[in-house]
Structures are given as C-alpha cells and as structure tokens.
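1. Take a look and give me a structure for this.
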Amino acid sequence: MGGRAKLFSVRAPGYDHFERLYVRRGFVRIAGVDEAGRGPLAGPVVAAAVVLDPASPIAGLADSKRLSEKVREALYSSIKKRASWSVGVVGPRDIERINILRASLEAMRKAVIGLPLPPDCVLIDGRDEIGVSVFQEAIVRGDARSASIGAASIMAKVTRDRMMRALHRKWPQYNFAKHKGYPTAEHRAALSRYGPCPAHRRTFNGVLP
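-> Numbers count the residues shown, from 1 in each chain. Purely as a prediction, here's the structure:
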C-alpha cells in the first residue's frame, strides 16, 4: 500500500531535530519508520514509512501511544493527504515462522520499499536497522523524538487497529475490536474458552493450552 503528498513536524520544539539534521547533511527524502503490533497474541505486525515536507507542516504529530483514537484518526487522514507514505504488513503465519523481531523488521522494509519515491535516509524507531540499501539511523524511542517516525507510528497504529476491527467482524467472540489482540484478561479468557482462531500467533505464550 502507498500514497504520496506532503508534511512535516510540530509537536514541540525540537521534534523535527533529526529531520533538520539530515537535511543539513544533504539528504533530501528522509523517511521515518515505525511499527505497531509486536506485543499482541493475534493479528499482523504493521509498519509505516512516512516522508515529511518542511514546507507543509501538520500540527499535533506525536508518538501514537500518547494520542487518543480520535486524534490519531484525524492525523492519519492528514498524513495520507499531505505526506509520501507506505505501509508494510506481515501476518501471523510469517510471524510464527521467522519470529516477531524479524517480522517487524520485514514489515518496516516492505514499508520503505513501497514508498512512491525511494528515500535517501531512513530513521527507524528502535535499535535495529532494516534491509534496505540507503543510509539508516536507528533511534531509541524515535516515535517521541522524530516527527517523521511519529507520523509513521500514527499510520501504523491506525492501519493495524482497522485491520483488527475487521478481524473482530470475522471472529467476534474474541472482541479484537476492543483489545486489538493484546493479552488482556478478557482476551486470555476468550482463548481459554474458544481456543485460537487463524488470526492468532500460535508460537506466542498463552495462545495454545
């Protein structure tokens, strides 16, 4: 999935520090990358890549975990219209096969290579680089420190939440729409009662008896 348009920062002073730093170093298309869904017992892991445009700022960007669902949805719509973006998805069977860390990095790689124009610099939330042949920097807590990573965290979170609501319609007994597959007490109780469905990650602790 992918799209294009324009955007840049502005959560707080310095939130676009990394973007400005690499612009000064001569990079032109700086992509922020983040994922959503490493911790759940069900559903895919979803990553997004977003390239921001300093000429077209969007107020309110932040780490998606700090935003309400309503605010995330509004920012998601703005990013889709005004940024260059792409989403990468890795499903439960592949997560089981290659493990969740490698699946998360693969989702990020898919997101980056899906951008309408290839970036020349990639800022990644976390500690690990991904399998793309451009300059990369892994930034711990990057979603709270980089505007483009924050935008990517919003895209990934909203996309995954929508996918989990679709899975809820297919298997309503687990109430995926509420907990999004995370290991809540309600989710664990449903697993005990019904067992796993095809959306579950069977290699995760607590999914199988």
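2. and the next element down the chain from the helix ranked longest in the chain?
-> Taking DSSP state H as the assignment, the helix of the chain that covers the most residues is helix 147-170. Scanning forward in sequence from helix 147-170 by DSSP states H and E, the next helix or strand is helix 176-179.
3. ok, residues contacting that following helix?
-> With contact meaning C-beta atoms under 8 Å, 6 or more residues apart in numbering, helix 176-179 is reached by 42-43, 164-165, 167-168, 186-187, 199. For glycine as for every other residue, the C-beta is placed from the backbone atoms N, C-alpha and C.
4. 10 Å - rerun?
-> 40-43, 161, 163-170, 182, 184-188, 190, 197, 199 (C-beta atoms under 10 Å, 6 or more residues apart in numbering).
5. Ser148 against Leu123, yeah?
-> Yes. Using C-beta atoms under 10 Å, Ser148 is in contact with Leu123, at 6.0 Å.
6. Between these two, which contacts overlap?
-> With C-beta under 10 Å, 6+ apart as the test, Ser148 and Leu123 both reach 18-19, 22, 30-34, 49-50, 142.
7. Can you tell me the strand partners of the host helix or strand of Ala47 and which way each runs?
-> Element membership of Ala47, judged by DSSP H and E, is strand 45-51. Its sheet considered, strand 45-51 pairs with strand 30-36 (antiparallel), strand 84-90 (antiparallel) by DSSP bridges.
8. quick one: average pLDDT of the first one?
-> Right, strand 30-36. For strand 30-36, mean pLDDT rounds to 98.
9. The chain: helices as residue ranges?
-> 17-24, 69-82, 92-98, 100-113, 147-170, 176-179, 185-194.
10. Can you flag the weakest of the ones you listed by average pLDDT?
-> Lowest mean pLDDT within these: helix 17-24, a mean of 92.
11. Any chance you could list what contacts that helix?
-> 8-9, 14, 16, 27-28, 30, 32, 51-52, 54, 120-123, 135, 137, 139, 142, 145-149.
12. Buried only: go through those for me.
-> By neighbour count, with 16 or more other C-beta atoms under 10 Å, the contacts of helix 17-24 hold 8-9, 16, 27, 30, 32, 51-52, 121-123, 139, 142, 145-149 as buried.
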